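Visitor: Okay, here's the prediction I keep looking at, along with the sequence it came from:
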Amino acid sequence: MDSKLLDILVCPICKGPLVYHKAVQELICKADRLAFPIRDDIPVMLESEARTLGEDEVV
Ligand SMILES: [Zn+2]
């Protein structure tokens, strides 16, 4: 994914920074413990599409 695109992306819920997890193709919001999927290089910044991170998941 384009790193410039990553720079301008923020969490749609808390407007905080996101962490790009390349291996799993997800954008993580640590504050909300949500993982937004990246499909075909396009981040899906929808709360309804986000996955809640489990307690044991390293973020
Ligand atoms: Zn957030």
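Guide: Received it, and whenever you're ready, just let me know what you need.
Visitor: For the rest of this, base every contact and every neighbour count on C-alpha atoms.
Guide: Will do.
Visitor: can I assume Ser48 sits in a helix?
Guide: Yes. Counting by DSSP: H, G, I helix; E, B strand; the rest coil, Ser48 falls inside a helix.
Visitor: Distance check, the residue in the chain positioned nearest to the ion against Glu47.
Guide: Nearest to the ion, among the residues of the chain, is Cys14, at 4.1 Å (CA to the ion). According to CA to CA, to the nearest Å, Cys14 and Glu47 sit 11 Å apart.
Visitor: which of these two has more neighbours?
Guide: Set side by side, Cys14 and Glu47 give different neighbour counts by other CA atoms under 10 Å, the larger being at Glu47 (14 against 10).
Visitor: Give the closest residue to Gly16 in space, chain neighbours not counted.
Guide: Leaving aside its sequence neighbours, Gly16 sits nearest to Val10 (CA to CA, 6 or more residues apart in numbering; 5.4 Å).
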